[in-house]
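Enquirer: how does the following fold in three dimensions:
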Amino acid sequence: MEHPNPATSPRFGVALLRVSTDKQFQEGESIETQRRKVEFVARRERIDVVRFFIEHYSGRKTDRRILDELFVFLDENRDIDAVIVGDIDRFTRGGTEVYLQLKRQLRELNVSLVDTTGIIQPERNRLEHLGVEYQWSIESPSHYAEIFMAEKARAEASDILTRTIGQQIQLTRDGYQCRAPNFGYQNEKIVTEDGKKKTIMVPHAIEAPWIVRMFELKADGSWRDDAICEAINAMGYKSRSMNLFDPDTRRVVGQTGGKPLDVKQLNRYIEKTIYCGVRCELWNQNQPVLAPIEALVSRDLFNRANRGTLKVTQLRDGSVEIKEARAEQGNHRHNPEFLLRHVVACPQCEKPLVASRSKGKSGNYFGYFHCNRGHKYFGVSQKEFEKTVGNYLDSLQAKPGFLPLFREVVRDVWIQKNRSRKQDGDQIRQHISALEQRQASLVDKIASSKSAIVQEKLEVQIEVVRQIWTAC
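Expert: The predicted structure is shown next:
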């Protein structure tokens, strides 16, 4: 490959700037630092940089979309003869094999690789003094240095990941938080007994009451899932908002979230053991660990809300056990025509009677309570069965002293239920008050705005607020 003298002829080139993560791109200065170094080298070598390819992706990977776009751009623009990178580790961390493969691809396009540190030297013909050139006579004086730096970059990536991920795994096994908080919690730094700062989750002032109320209503057993969702939404529930980023520029282009609670999301929350203070995830090898956090609900409330599908128990040695019984939980149909189904036991096997309707000779359907579990069939017509049960209940007499005790129990339950309803009502009123303030603010903005487009958008927002207000 021939390399023109930089002092006499200008060259066209592109630059590849890379950081490993989106966080480094958004919060760090590495991209701008690389850009300044590249621009300095480009001026020195008289290279006109026609395009900057900015990548925020791991250099260990081989499926790099930005790198593929770079090679496509080079193939379509054959007048470009240089790719400038900040360093070999900014080009790739895949090791010697990947580095040499990428250099071969550049050589096939007649493009040279330039780094700002000056390690990569131009290729030379070792038979140039004889005026002869062969493929084997072309080599770079810095070949071994490049191989060393490529392997060093790969080893550095492995060392960094081993230290950081390994420590995060250990912290997770100890019950600490190493990522974004679960819904209902927020992250907070604490100082442990050994003087180290670690992250735990603490209840979120707004979201935590929603989670607690979900478990209470689910454990009550008398609420349908859709009714629970309506009650929580009336308290002001909205899912967390998250930014949407452009895949190329990583600039914020919108937001997602802010959705009301639905049945699927409700069941996801109910199954999360973290809300009763137990962490169970892959880094724990799926073993439950007591997390050093304030549980939003008790283990008893968690078990009652899950109704046997998940059960969390603490053993005598202090460890925690999670039992799953999803297969045992049959999806029994609730038929309002047979309210006494599974209430009265079979007189032969003492198991609950089941109920169904059978078609008679007249073509009409008749209800029966029946059982044939390992014995001769037993069946009673629905009309006769319900009449017998009703007569039995009418004949029951309370023991002396029972009714006053029963009244006290009913009174305590009523007070507890109404206390919870009062709290829900207070939250709903606060939510409605916030909506009223939001609506008034939007109306003021419409009055002060002179742009028709802005007024139209504000009117749409007011309509959304009105719909939420109506739902409450």
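Enquirer: got the buried residues for stretch 154-164?
Expert: Neighbour-count burial for stretch 154-164 flags 154, 157 (criterion: 16 or more other C-beta atoms under 10 Å). The way it works is simple: take the backbone N, C-alpha and C, and place the C-beta from them, glycine included.
Enquirer: so the closest residue to Cys371 other than its chain neighbours versus Leu396, what's the distance?
Expert: Computed as C-beta to C-beta, 6 or more residues apart in numbering, the closest residue to Cys371 that is not its neighbour in sequence is Cys346, at 4.0 Å. Per C-beta to C-beta, to the nearest Å, Cys346 is found 21 Å from Leu396.
Enquirer: and Ala295, by the same measure?
Expert: Per C-beta to C-beta, Ala295 is found 42 Å from Leu396.
Enquirer: the two: who's more crowded?
Expert: Between Ala295 and Leu396, Ala295 has the larger neighbour count (other C-beta atoms under 10 Å), namely 17 against 6.
Enquirer: that one sits in which helix or strand?
Expert: Here Ala295 is covered by no helix or strand, with elements defined by DSSP states H and E.
Enquirer: can you count the residues close to the spatially closest residue to it that is not a sequence neighbour?
Expert: In this structure, Ala295 finds its nearest non-sequential neighbour in Gly277, 3.4 Å apart by C-beta to C-beta, 6+ apart. Burial of Gly277 is recorded as 21 neighbouring residues (other C-beta under 10 Å).
Enquirer: contact partners for Cys371?
Expert: By C-beta atoms under 8 Å, 6 or more residues apart in numbering, the residues touching Cys371 are 346, 348-349, 351, 353-354, 377-379.
Enquirer: among the residues you listed, who's most crowded?
Expert: Greatest neighbour count in the contacts of Cys371, by other C-beta under 10 Å, goes to Leu353: 22 neighbours.
Enquirer: got a pLDDT number for it?
Expert: Per-residue confidence for Leu353 comes out at a pLDDT of 87.
Enquirer: just checking, it touches Pro347?
Expert: No - counting by C-beta atoms under 8 Å, Leu353 does not reach Pro347; the two are 9.3 Å apart.
Enquirer: let me know the closest of the contacts of Cys371 to Glu39.
Expert: Using C-beta to C-beta, Val354 is the member of the contacts of Cys371 that lies nearest Glu39, at 80.6 Å.
Enquirer: could you pull up the contacting residues of the closest one?
Expert: Taking C-beta under 8 Å, 6+ apart, we find Val354 in contact with 341-342, 369-371.
Enquirer: which of the residues you listed fall in strands?
Expert: With DSSP state E as the criterion, strands contain 369-371 from among these.
Enquirer: show me where the stretch 301-450 of the chain has its helices.
Expert: Secondary structure of the stretch 301-450 of the chain by DSSP state H, counting those that start in this stretch: the helices cover 382-395, 402-448.
Enquirer: hey, least reliable of the ones you listed by pLDDT?
Expert: Taking each of the helices of the stretch 301-450 of the chain in turn, the one with the lowest mean pLDDT is helix 402-448, at a mean of 70.
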